[in-house]
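1. Could you look at this predicted model? Sequence included:
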Amino acid sequence: MKILYIDPIFGISGDMMVSAFIDAGLPFRELENMLRKFPVGLPSIAPVQKAQGIIKGIHLEIGESDRHLTVREMEEVIDGLNVEDAVKSDARGMLDIILNGEAKVHGTTRDELHLHELSHIDTLIDLVSVAKGVHYFGIDRVFCGPVPLGRGTIRTSHGIIPNPPPVTLEILGGCNVLFVDEPLELTTPTGASIVRYYTKDKGGVPPFDIERIGYGVGSYATDKPDALRIFIGDSGEPESDEEVWLIEADLDDMEMEYTGVVAERIRKEGALDVLYFPVYMKKGRLGIRLSVTAPADKVQCLVEKVFHETTTFGMRLIKEHRRVLRREERSVETSFGPLRIKSGFDAGGRLIKTHIEFEDVKRISEERNIPYREVLDAVKAEIAKK
């Protein structure tokens, strides 16, 4: 399993993370070729060698630009890029974290949100480039040390605000942080979104063999090195083990007809799986056991969702591990139009199984008024011939 460990020596920002990837071996040409596909004008971008004390690494120099983008423009640029789906998905995921954090802090909705510093083209460059780096190195799991945060106040387009900024704190909720006696913005909202999006495990870092080390060097001049360090290596473990939590609640006083609706709402909140099945409770009463499989970073919000949506007064939380195949999704052309296919690969990279996306078959069935089974059998036959 390929491990990325982020060591935020003096904080983390998007450009420092990109710089660390370049220092670890990500060819800058890979980033250039991707960024040139942006349908908007880009500033000059160049990686330069820089030292802070004995620390030597890469500093990404991005030229001046007054190009700012609306939320919708940022989403459209990412969605329209001709890059790997995983890169687009990760970039959108980090952007969503930033937008949700900003919307909550400002008490508005995403659609009405007006970004200031974060609307700059630099934010988009950072998010897409970080996603490219993770994909390039084939990272399976990401871990991060305590995230340093400064003190005092900083000046922004909103005026003077507390340091760290409220949106950074909102994004880092539930993450391990370390307050440092420095009147500097050590961790930016973009840096916080990287940590929040990629670090799913709250447990310790498993042992791994170090294969690459990269330093991203910042521009602060202090007696401490303004640097971000990353380690990339292999743990030797199966690549798709991950920590999950099982949330269980037994219900004997809830209307049966609402159970399916509640399960669907919990799924939409971020659950990996939601099951419900009959159980016999005390005094022989027939009840329902609700079983929710949750990723580590979604446990709290899913617990709250179960409390709000069901009649339970308590639930069980059980930490577990699950092992899944590495999955890839691709689109294939058929006589019915494009269909998505998921492929599962074992730890050795061998293709184990494929699965035709149910929603695509359902859509075709409904649009053409053809029985579902007939559509599925037809597309299976077509795909088998490819």
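-> Here it is on my side, so go on.
2. how close does residue 62 get to residue 14?
-> Residue 62 sits 10 Å away from residue 14, going by C-beta to C-beta, to the nearest Å. Just so you know, the C-beta spots here come from the backbone N, C-alpha and C atoms, and that holds for glycine as well.
3. Where does the prediction get shaky in the stretch 151-300 of the chain?
-> The model of the stretch 151-300 of the chain has pLDDT under 70 over residues 157-158, 202-203, 237-241.
4. And the stretch 1-150 of the chain, by the same measure?
-> Ranges of the stretch 1-150 of the chain meeting pLDDT under 70: 111, 113-119.
5. And the helices in it?
-> 14-24, 28-35, 71-80, 85-106, 121-136 (DSSP state H, counting those that start in this stretch).
6. Show me the domain layout of the chain.
-> 2-234, 242-323, 326-385 (automatic domain parsing).
7. ranking these by burial, who's on top?
-> When the domains of the chain are scored by mean count of other C-beta atoms under 10 Å, the highest mean neighbour count falls to domain 2-234 (a mean of 18).
8. Mutual contacts of residue 62 and residue 14, please.
-> Common neighbours of residue 62 and residue 14 (criterion: C-beta atoms under 8 Å, 6 or more residues apart in numbering): 122, 125.
9. what's the distance between residue 62 and residue 75?
-> 21 Å.
10. whoops, residue 378 was the one
-> 35 Å.
11. do the same with residue 147
-> For residue 147 relative to residue 75 (C-beta to C-beta), the value is 26 Å.
12. How about residue 60?
-> Counting by C-beta to C-beta, the gap from residue 60 to residue 75 is 24 Å.
13. How about residue 229?
-> 32 Å.
14. got a list of contacts for whichever strand or helix holds residue 306?
-> Taking DSSP states H and E as the criterion, residue 306 maps to helix 299-309. If you take C-beta under 8 Å, 6+ apart as the criterion, helix 299-309 is touched by 174, 245, 247, 249, 262, 265-266, 269-271, 290, 292, 294, 312, 315, 317.
15. and of these, the nearest to residue 124?
-> For the contacts of helix 299-309, the closest approach to residue 124 (C-beta to C-beta) belongs to residue 270, at 24.9 Å.
16. Do I have it right that the closest one meets residue 296?
-> No. Here residue 270 lies out of contact with residue 296, judged by C-beta atoms under 8 Å, at a distance of 11.2 Å.
17. Give me the next element, helix or strand, following the helix holding residue 306.
-> Trace forward from helix 299-309 with DSSP H and E and the next one is strand 316-323.
18. what packs against that next one?
-> In terms of contacts (3 or more C-beta pairs under 8 Å, 6 or more residues apart in numbering; DSSP states H and E), strand 316-323 is packed against strand 241-251.
19. tell me the angle of the strand it packs on relative to helix 299-309?
-> 20 degrees (axes from the mean of the first three to the mean of the last three C-alpha atoms, to 10 degrees).
20. Report the distance from strand 241-251 to the chain centre.
-> Centroid separation for strand 241-251 versus its chain: 21 Å, with C-alpha atoms, centre = their mean, to the nearest Å.
21. Sheet partners, orientation included, of it?
-> Paired with strand 241-251 in the same sheet, following DSSP bridges, are strand 286-295 (antiparallel), strand 316-323 (antiparallel).
22. quick one: contacts of it?
-> Under C-beta under 8 Å, 6+ apart, the answer for strand 241-251 is 1, 141, 200-203, 259, 272, 279, 281, 287-296, 299, 302-303, 306, 310-312, 314-324.
23. ditto for stretch 42-49
-> Contacts of stretch 42-49 (C-beta under 8 Å, 6+ apart): 19, 22, 28, 31-32, 35-36, 56-65, 67, 121-122, 125.
24. Kindly recompute the last result at 10 Å.
-> 15, 18-19, 22-23, 26, 28, 31-32, 35-36, 56-67, 120-122, 124-125, 129, 216-217 (C-beta atoms under 10 Å, 6 or more residues apart in numbering).
25. Give the helix, strand or coil label for the residue located most distally from the centre of the chain.
-> Distance from the C-alpha centroid of the chain, by C-alpha atoms, centre = their mean, peaks at residue 283 (45.6 Å). Under DSSP: H, G, I helix; E, B strand; the rest coil, residue 283 falls in the helix class.
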